[in-house]
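Enquirer: Structure for this input, please:
(one chain, ligands or ions: 1)
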Amino acid sequence: MSGEKKDLNLHFTPALQKATQLNFEKGEGPYLYTTDGEKYLDFVQGIAVNALGHCHPKIVNAIEEQAKKLIHGSFNLGYYPSALNLADKLAELTPGDLNMFFFSNSGAEAVEGSLKLARYRTGKKAFLAFRGSFHGRTFGATSMTSSTVSFRKKYEPLLPGIYHVPYPYCYRCPYGQHVETCSLECLEEINTAFHYLVPPDEVAMALFEPVQGEGGYIVPPNKYVHALAELCNKNNILLAFDEIQTGFGRTGHMFAAEHFNIIPDILVLGKAIAGGMPLSAVVSNEGLMKDWAPGAHGGTFGANPISCAAAVASLQAIKEEQVLDNCRNNGSYFIDKLKELQNKFGFIGDVRGLGLMLAVELVDAKGNPDADLNKRVNNYCREKGLLLLPCGTFKNCIRFIAPLNVSRPVIDEALQIFEHALANAS
Ligand SMILES: Cc1ncc(COP(=O)(O)O)c(C=O)c1O
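Expert: Numbers count the residues shown, from 1 in each chain. Model prediction:
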């Protein structure tokens with residue numbers, strides 16, 4: 001592929017780092033097309049936003065129809081049908097009694113909302129965050145983030161009162177344990193923090209990714225998530241799940257919380273919620289939400305009518321087109337194929353994920369993270385027309401974010417390029 005251009009950054013600060021210099025003109029299903037007419041298989045999908053691929057006709061239609069009626073009225077001024085409709089539909093899908101919403105625009109904004117809700121309703125100040133997690137780029141969200149230090153560099157002092165504890169990254173367990181036999185030493189670190197750093201009765205909320213996203217698509221053991229929920233419950237700490245990347249079917253269930261059969265106190269949603277339109281949500285039960293006083297939180301654009309209409313259309317299509325079944329079936333096909341590749345290429349240290357939230361971790365001969373190899377594989381794939389994004393705190397993981405309605409031939413197309421990349425880049 002030769003469509004890379006070098007001079008597109010004239011008016012853009014490099015602060016927002018680009019994975020490529022490609023100039024995309026249109027998208028269709030799993031494919032992206034550049035202004036030069038080059039076609040790319042897109043297994044990034046707007047960073048886990050386009051659950052149904054690019055420009056799904058039902059979403060396009062909903063956007064067009066809503067744009068003819070009302071583009072923006074502000075949810076501060078009154079209600080409108082698309083937002084009411086979305087709230088009704090979402091309340092049927094969100095776990096347990098989580099049926100009240102605050103709509104905003106981006107994931108980070110929703111994370112901020114959850115922090116504010118937790119402080120407001122508990123009167124407590126401190127938060128637990130998990131090492132390697134990513135929650136966004138605003139100050140509060142950055143303060144909760146630790147997937148890489150470069151996201152925090154030069155921004156100190158960040159929000160005080162945040163205590164980072166280990167995420168259960170079993171492949172690189174710092175305690176040398178195995179998941180089947182471990183005694184959750186990583187969870188015990190929370191009690192250690194309560195002993196040395198912060199009393200539990202000063203902690204408002206723990207914000208947990210039920211599958212760690214940017215940190216490396218790490219799936220926590222079931223027993224860890226249950227023990228965490230118990231620990232929070234025992235200490236009267238709100239448990240919030242950041243499902244911004246895992247939500248809306250990515251893991252094979254509508255929400256990753258369902259894998260663990262746990263109903264958190266707060267759910268934070270974004271990304272795939274509205275088929276590519278900007279929308280996010282803080283979700284909780286009536287008990288927590290109803291005494292968040294009028295005016296305690298707000299925003300001009302939240303619950304935008306077009307975003308809400310697109311969200312309703314997306315939810316409908318996910319249901320009508322049995323997208324979750326496809327995600328589970330093709331996700332298991334995909335991960336099996338990746339495991340076959342792991343048998344063939346010794347430098348694939350780990351293959352992991354749920355549904356179509358899949359990643360491989362590349363390592364050197366000693367098992368250490370190999371970020372250079374990762375980069376070479378990624379570049380090779382791009383040269384051959386497959387777009388992938390790295391992840392992982394050591395930048396040595398490659399994630400596969402296929403649309404959830406992806407077909408097997410398209411998965412095979414990606415796997416063929418990926419296998420060639422592995423063979424050529426080592
Ligand atoms: C788990 C998680 N939380 C929060 C965010 C931030 O979302 P946004 O980029 O929409 O602010 C992301 C984005 O990648 C994410 O993966």
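Enquirer: Flag the shaky bits of the stretch 1-150 of the chain, pLDDT-wise.
Expert: Residues of the stretch 1-150 of the chain that meet the criterion pLDDT under 70 lie in 1-6.
Enquirer: Number of residues surrounding the residue of it found nearest the ligand?
Expert: Using CB to the nearest ligand atom, the closest approach of the stretch 1-150 of the chain to the ligand is made by G107 at 2.2 Å. For the C-beta atoms, the positions are set from N, CA and C on the backbone; glycine is no exception. Around G107 there are 29 other residues, counting by other CB atoms under 10 Å.
Enquirer: ok, now E25?
Expert: Using other CB under 10 Å, E25 has 12 neighbouring residues.
Enquirer: ditto for S147
Expert: Quick note: S147 (other CB under 10 Å) scores 22 neighbours.
Enquirer: Tell me the spacing between the residue nearest the centre of the chain and S143.
Expert: Nearest to the mean C-alpha position of the chain, by CA atoms, centre = their mean, lies Q245 at 1.6 Å. Distance from Q245 to S143, counting by CB to CB, to the nearest Å: 19 Å.
Enquirer: likewise F400?
Expert: 30 Å.
Enquirer: Look at those two and report which has more neighbours.
Expert: Neighbour totals were compared for F400 and S143, and F400 leads with 26 against 23 (other CB under 10 Å).
Enquirer: Contacts only, for that one.
Expert: Listed by CB atoms under 8 Å, 6 or more residues apart in numbering, the contact set of F400 reads 43, 334, 338, 353, 356, 358-359, 388, 414.
Enquirer: What of M277?
Expert: 63, 304, 306-307, 310-311.
Enquirer: Redo the residues you listed as CSV? Include distance to the ligand, neighbour count and secondary structure.
Expert: Listed next are the contacts of M277 as CSV, based on distance: CB to the nearest ligand atom, whole Å; neighbours: other CB atoms under 10 Å; DSSP: H, G, I helix; E, B strand; the rest coil:
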residue, distance to the ligand, neighbour count, secondary structure
I63, 19, 19, helix
N304, 14, 28, coil
I306, 17, 22, helix
S307, 13, 26, helix
A310, 15, 28, helix
A311, 14, 30, helix
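Enquirer: Burial check on the spatially closest residue to the residue of the stretch 1-150 of the chain closest to the ligand that is not a sequence neighbour, number of neighbours?
Expert: For G107, ignoring the flanking residues on the chain, the nearest one in space by CB to CB, 6 or more residues apart in numbering is G270 at 3.4 Å. Applying other CB under 10 Å, we find 27 residues neighbouring G270.
Enquirer: Does G270 touch A281 like I think?
Expert: Yes. Applying CB atoms under 8 Å, one finds G270 in contact with A281, separated by 7.5 Å.
Enquirer: Touching both of these two, which residues are there?
Expert: The contact sets of G270 and A281 overlap at A110 (CB under 8 Å, 6+ apart).
Enquirer: Most neighbours among the contacts of F400, please name it.
Expert: When neighbours are taken as other CB under 10 Å, the top entry among the contacts of F400 is L356 (30 neighbours).
Enquirer: According to the record, where do the domains of the chain fall?
Expert: Annotated domains of the chain cover 24-42+323-425, 58-320 [automatic domain parsing].
Enquirer: Redo these as TSV? Include distance to V49.
Expert: Below are the domains of the chain laid out as TSV (distance: least, CB to CB, whole Å):
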stretch	distance to V49
domain 24-42+323-425	9
domain 58-320	5
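Enquirer: quick one: which of these is nearest T13?
Expert: Of all the domains of the chain, domain 58-320 sits nearest to T13, with 13.3 Å by CB to CB.
Enquirer: Can you check the distance spanned by stretch 281-298, start to finish?
Expert: End-to-end span of stretch 281-298 (CA to CA, to the nearest Å): 12 Å.
Enquirer: Sorry, slip of the keys, the one I care about is stretch 212-225.
Expert: First residue to last in stretch 212-225 (CA to CA) measures 12 Å.
Enquirer: Is any residue of it near the ligand?
Expert: Yes. Stretch 212-225 lies within reach of the ligand by CB under 6 Å from any ligand atom, at 213-214.
Enquirer: what about T148, neighbour count?
Expert: Using other CB under 10 Å, T148 has 16 other residues around it.
Enquirer: you'd agree it is up against T393?
Expert: Yes. The pair T148 / T393 is scored as a contact, 6.0 Å apart, by CB under 8 Å.
Enquirer: can you pull out the strands in the stretch 51-200 of the chain?
Expert: 100-104, 126-130, 162-165 (DSSP state E, counting those that start in this stretch).
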